[in-house]
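> I need the structure of the sequence given here:
(2 chains)
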Amino acid sequence: MSMSFSEFKRLIGADPWNRDPETLRARNSAPEFETAAAEAEAFEEKLQSALHVQPPAGLLDEIKGMSQQQPAQRRNWMPLALAASLLIAVGAVGMVWKQSRQWDSVEAYLADHYSHDGDALVAGATDIVSEQEVMRIMASLNASADQQLSGRIKFIKFCPTPEGRGAHMVVSTDQGPMTIIFMPKTQVTNGEMVTFDQMHAFLIDLEHGSAAIIGKQSQAVENMEAMIRESLKTGLVGA
Amino acid sequence: MTSDTERTKRFNELAEAYSTDLYRYAMWICHNDALAKDLVQETFLRAWRALDSLKDVGAAKSWLITILRREYARTFERKVPKFTDVDKVVVVDNDELGPDERTERDLLRKGIMRLEPKYRDPLLLQVVFGHSCEEISEQLGTSKSAVMTQLFRAREKLKVQLQKDGVTGNVHELF
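Down below sits the predicted model:
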């Protein structure tokens, strides 16, 4: 039994390059089939042209660079994580900490969380985020950021913290990009410096919750404290 | 060649083969160039970490798409992307296109952006990655017949949208 025209149109509408024998036979069976197939292929070329966007320059090199930057750490993560935890534990004296279900300490949390996507987010943060977006996320955490801070945020997202949801930000500074983790319900020892992998984090106890300023060890992350204190207002609603 | 060198070579081959198509796919699902770039980078970062789990090189494309789709779902849950005007994204221009054809292409892009994900996703997998209907059904975890229906409707919707957006003439002459 030969294929009906409506069935043929349905088949080439789903897959214009369909070349199975039955469809090919139908295509050659009558001029209207041939015309419909040619139209479908012409549309497909337009569709391909429309979808053809060019990746940003340098994307491939940045991706290839990942294997150079993270040679063994990504591969044998557990032993290094254990070593990092040990290192962190040595520096953890005096830390005020409420036990969490997932992490044993703020340091373990920061090392774990940052190793997840910290470097990639810093690398991918290029444009200043809209103030509206910053306000939206901050407001949902009962906090706000003034222009001094929001005007330099290049990436912001919700993120897990030891106690509930927080915010992960990448900010531009005169020393290069740094990461700030706002932890609305986590208490830390103010001024503690935590070291993990090749990064360090300066902890600030805020009026409600805390923040960690994370940067490379060559960056003076503690210099950002005053600006963060001045700009990041916490516990605005019912906290 | 050391295993680290082999691993890096394997990773670089994946990046060369698939980063452009993954970026295109990411761009059309999230409509945001910065987020698309971020998604592709995160996809490859995760791929680098888990590269040893990829045993079948032939499955690499689907594996990378799955990673990207999961990361997109996670990202979209926590951050609603800003809409990017697609005209601002650098595109491969076809110099042979005349003004009318460019208008058609721009209208098609707008139409693609308006498609519901259930129609858009299989269409992108087919056109951007060259997936067959069977591969799309495996990727999306749905039946082949459902995929074929979605693909057919996706194209019909684009044609209807083009007519609505003011392309004159008989739609059958265009397509």
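> wait, isn't residue B:126 in contact with residue B:136?
Yes. Counting by CB atoms under 8 Å, residue B:126 touches residue B:136, with 6.2 Å between them. Using the backbone N, CA and C atoms, a C-beta is placed for each residue, glycine as well.
> for the two, list the residues in contact with both.
The contact sets of residue B:126 and residue B:136 overlap at residue B:151 (CB atoms under 8 Å, 6 or more residues apart in numbering or on different chains).
> return the helix or strand in chain A with minimum mean pLDDT.
helix A:77-90 (a mean of 53; mean pLDDT, DSSP states H and E).
> residue A:204 contacts residue A:228, doesn't it?
Yes. Look at residue A:204 against residue A:228 with CB under 8 Å: they come within range, at 6.1 Å.
> can you check which residues contact both of the two?
A:211, A:213.
> hang on, the earlier thing: show the subsequent helix or strand relative to the least confident helix or strand of chain A.
Sequence-wise, the next helix or strand downstream of helix A:77-90 (DSSP states H and E) is helix A:106-124.
> contacts only, for the closest residue to residue A:175 other than its chain neighbours.
Counting by CB to CB, 6 or more residues apart in numbering or on different chains, residue A:175 lies nearest to residue A:219, which is 4.7 Å off, once chain neighbours are set aside. Contact partners of residue A:219, counting by CB under 8 Å, 6+ apart, are A:173, A:175-176, A:178.
> with distance to residue A:199, secondary structure and pLDDT added, can I get those in TSV?
Converted to TSV, the contacts of residue A:219 look like this (distance: CB to CB, whole Å; DSSP: H, G, I helix; E, B strand; the rest coil; pLDDT from 0 to 100):
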residue	distance to residue A:199	secondary structure	pLDDT
A:173	15	coil	92
A:175	14	coil	89
A:176	13	coil	90
A:178	10	strand	94
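> would you mind checking those residues for buried ones?
Using 16 or more other CB atoms under 10 Å in any protein chain shown as the burial test, the contacts of residue A:219 include A:173, A:178 as buried.
> residues contacting the nearest residue to residue B:146 once chain neighbours are set aside?
Excluding its sequence neighbours, the residue lying closest to residue B:146 (CB to CB, 6+ apart) is residue B:137, at 7.4 Å. Going by CB under 8 Å, 6+ apart, residue B:137 touches B:143-144, B:146-147.
> can you list which of those residues are found in helices?
The helices, defined by DSSP state H, take in B:144, B:146-147 from these.
> type out the ChimeraX command that picks the buried ones from those.
Applying 16+ other CB under 10 Å to those, the buried members can be selected in ChimeraX as follows:
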select /B:147
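> for residue A:66, state which of the ones in helices among the contacts of residue B:137 is nearest.
Using CB to CB, residue B:147 is the member of these that lies nearest residue A:66, at 33.1 Å.
> tell me the contacts of the closest one?
Neighbouring residues of residue B:147 by CB under 8 Å, 6+ apart: A:14, B:122, B:133, B:136-137, B:140.
> nearest the geometric middle of chain B, what residue?
Among the residues of chain B, the one closest to the centroid is residue B:25, at 2.0 Å (CA atoms, centre = their mean).
> then chain A?
Closest-to-mean residue, chain A, CA atoms, centre = their mean: residue A:121 / 5.2 Å.
> picking up where we left off before, can you list the contacts of residue B:137 in TSV and add distance to residue B:98?
Converted to TSV, the contacts of residue B:137 look like this (distance: CB to CB, whole Å):
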residue	distance to residue B:98
B:143	41
B:144	38
B:146	38
B:147	35
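> wait, doesn't residue A:113 sit right on residue A:160?
Yes. If you go by CB under 8 Å, residue A:113 and residue A:160 touch, sitting 7.2 Å apart.
> tell me which of the two has more neighbours.
The neighbour count for residue A:113 versus residue A:160, taken as other CB atoms under 10 Å in any protein chain shown, is higher for residue A:113 (21 against 17).
> what's the distance between the more buried one and residue A:201?
Applying CB to CB, to the nearest Å, the value for residue A:113 to residue A:201 is 10 Å.
> now do the shared contacts for the two.
What both residue A:113 and residue A:201 touch, as defined by CB under 8 Å, 6+ apart, is the set residue A:181.
> what about residue A:13, neighbour count?
22.
> ok, it - contacts?
Contacts of residue A:13 (CB under 8 Å, 6+ apart): A:40, B:151-152, B:155-156.
> per-residue pLDDT of it, please?
Per-residue confidence (pLDDT) for residue A:13: 95.
> that one is in what secondary structure piece?
helix A:5-14.
> CA atoms of that helix as PDB?
Written as PDB, here are the backbone C-alpha positions of helix A:5-14 (Å, rounded to 0.1, in the frame of the first residue of the first chain):
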ATOM      1  CA  PHE A   5       0.500  12.500   0.900                       C
ATOM      2  CA  SER A   6      -0.400  13.600   4.400                       C
ATOM      3  CA  GLU A   7       1.600  10.800   5.900                       C
ATOM      4  CA  PHE A   8       4.500  11.700   3.600                       C
ATOM      5  CA  LYS A   9       4.400  15.300   4.700                       C
ATOM      6  CA  ARG A  10       4.300  14.200   8.300                       C
ATOM      7  CA  LEU A  11       7.400  12.100   7.800                       C
ATOM      8  CA  ILE A  12       9.500  14.800   6.100                       C
ATOM      9  CA  GLY A  13       8.200  17.400   8.500                       C
ATOM     10  CA  ALA A  14       9.700  15.300  11.300                       C
END
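> any idea how far residue B:53 is from the closest residue in space to residue B:135 that isn't next to it in sequence?
Counting by CB to CB, 6+ apart, residue B:62 is the residue found nearest to residue B:135 once chain neighbours are left out, at 7.0 Å. As judged by CB to CB, residue B:62 and residue B:53 stand 14 Å apart.
> how about residue A:52?
From residue A:52 to residue B:53 the distance is 32 Å (CB to CB).
> neighbour count winner among these two?
Taking neighbours as other CB under 10 Å, residue A:52 and residue B:53 compare with residue A:52 leading, 16 against 8.
> that one touches residue B:23, doesn't it?
No. Using CB under 8 Å, residue A:52 makes no contact with residue B:23, being 11.3 Å away.
> what's the longest helix in chain B?
Max-length helix for chain B by DSSP H is helix B:3-30.
> so which elements touch that one?
Packed against helix B:3-30 by the contact rule (3 or more CB pairs under 8 Å, 6 or more residues apart in numbering or on different chains; DSSP states H and E) you find helix A:59-69, helix B:33-49, helix B:60-78, helix B:117-127.
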